[in-house]
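Quick one, what's the 3D model for this:
(one chain, ligands or ions: 1)
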Amino acid sequence: MARIVTIERHILEQQKNHPNATGVFTNLLYDMALAAKIIARETTRAGLVGILGASEDHNVYGEQQQKLDIFADRTIFRINDHTGRLCAMASEEHEEIIEIPMNFDTGRYVLLYDPLDGSSNIDVNVSVGTIFAIHRKISTGERGTLEDVLQAGRRLVAAGYVIYGSSTMMVYSAGQGVHGFTLDPSVGEFLLSHENIRAPQNALYYSANAGYEKYWTPGVRRYAKWLQGIEGEGRKPLGQRYIGSLVSDFHRNLLRGGVFFYPGDMQDPSKPYGKMRLMFEAQAIGFLAEQAGGYASDGVGSVLDLEPYSLHQRVPLFVGNRDLVEKAEEYIRLYDQEWLEAYRPFRTLKMERA
Ligand code: P6P
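Alright, predicted model coming up:
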């Protein structure tokens, strides 16, 4: 009979290699698993409990919040606010960092999360996901600060996502490889289903919103043609798959090999940095990609090396098989000098000291 490995057992087994790791970290990941189960239950019933559809609220980006966004955001907050494991949280749906209520103890970790990424797909029954990232507290005070939250991806302790699709999966890494767990609703447990996921050598897909090709820079346009086998050495074309939900697109490419890209462009030269959120999407996905042998770039270099300057800053994102992502950097170096000059200053902006 195959081993039944829950998330808790897997983390405990992994921690044997990390003598100084504490159970706090295990419990923090377990808290995220509980949040995932609660969100999964609502996501699969969204059409039935009147939770479907947009709410009257809007998030910091001015995007209309879907009711499930708000439910997921509140669920993750309520599961984590009182545990004493965190010194602060940050959510894609909140403009400022989220302090731990004064009546609760604080802890050594910081949790950043996008509660329901791809939420515009909810009403059309397309997979959506939760993305989370965990940093260690670095400030000296009792409670967390912006300094604890705005850390480079290189310093991440762990990251993961939950994908609410044909099944509910939780994929995480604590720095020792990427591991996938599938929810068995009959017992309410995530069970190990994909141990040590590695990006396949041979990629099958590329994911990009070709509807925006008009706005892409010359290098990115040529890169897309290279992926299609039209430009360059005439490689075997990759299939184009784009769901419009980062977690779903990334998950498929992670398992089957491929590259996802959402480039910066010059539609507005003062905003050459694209759409992806560094702190709530790119860092976690980039950490997982690297842990699986892949790579994540903003078109210039690793997104994990970017020193954040603002909680909701956006970055271009090319993520997946390392050779495919490095090819994007090469095309940008060769053909996108104008964009590079517009974007480079954003890579070295410094955090506004709170
Ligand atoms: P577009 C969802 O809003 C999201 O942030 C990602 O999940 C997804 O990859 C991307 O935006 C889709 O953006 O502009 O192609 O609809």
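
Span of stretch 225-242 from start to end?
Taking C-alpha to C-alpha, to the nearest Å, stretch 225-242 runs 16 Å from one end to the other.

how about it: buried residues?
Trp226, Leu227, Leu238, Arg241 (16 or more other C-beta atoms under 10 Å). All C-beta spots, glycine's among them, are computed from the backbone N, C-alpha and C.

Does the ligand have contacts with it?
No. Using C-beta under 6 Å from any ligand atom, we find that stretch 225-242 stays clear of the ligand, coming within 7.2 Å at best.

That stretch: how far from the chain's middle?
26 Å (C-alpha atoms, centre = their mean, to the nearest Å).

Pass me the low-pLDDT residue ranges in the stretch 201-350 of the chain, would you?
Along the stretch 201-350 of the chain, no part satisfies pLDDT under 70.

Strands along that one, start to end?
205-207, 239-240, 258-262, 276-277, 295-297, 314-315, 317-320 (DSSP state E, counting those that start in this stretch).

same deal with the stretch 1-150 of the chain?
According to DSSP E, counting those that start in this stretch, the strands that the stretch 1-150 of the chain contains are 54-58, 64-66, 86-91, 98-99, 109-117, 128-136.

near the ligand, which residues of the stretch 101-250 of the chain show up?
Residues of the stretch 101-250 of the chain lying near the ligand (C-beta under 6 Å from any ligand atom): Asp117, Gly118, Ser120, Asn209, Gly244, Ser245, Leu246, Asp249.

Grab the nearest non-local neighbour of Arg154.
Leu304 (4.8 Å; C-beta to C-beta, 6 or more residues apart in numbering).

do you know how far the one you found is from Gly274?
Distance, Leu304 to Gly274, by C-beta to C-beta, to the nearest Å: 17 Å.

And for Phe25?
Where Gly274 is concerned, Phe25 sits at a distance of 32 Å (C-beta to C-beta).

same for the longest helix anywhere in the chain, what does it pack against?
When the chain is parsed with DSSP state H, its longest helix is helix 23-45. Applying 3 or more C-beta pairs under 8 Å, 6 or more residues apart in numbering; DSSP states H and E, one finds that helix 23-45 contacts helix 7-15, helix 67-80, strand 109-117, strand 128-136, strand 158-164, strand 168-173, strand 179-184, strand 189-194.

Next, format the ones you listed as JSON lines and append mean pLDDT and mean neighbour count.
Listed next are the helices and strands packed on helix 23-45 as JSON lines, based on pLDDT from 0 to 100; neighbours: other C-beta atoms under 10 Å:
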{"stretch": "helix 7-15", "mean pLDDT": "83", "mean neighbour count": "17"}
{"stretch": "helix 67-80", "mean pLDDT": "93", "mean neighbour count": "21"}
{"stretch": "strand 109-117", "mean pLDDT": "97", "mean neighbour count": "27"}
{"stretch": "strand 128-136", "mean pLDDT": "96", "mean neighbour count": "26"}
{"stretch": "strand 158-164", "mean pLDDT": "96", "mean neighbour count": "27"}
{"stretch": "strand 168-173", "mean pLDDT": "96", "mean neighbour count": "24"}
{"stretch": "strand 179-184", "mean pLDDT": "96", "mean neighbour count": "20"}
{"stretch": "strand 189-194", "mean pLDDT": "95", "mean neighbour count": "18"}
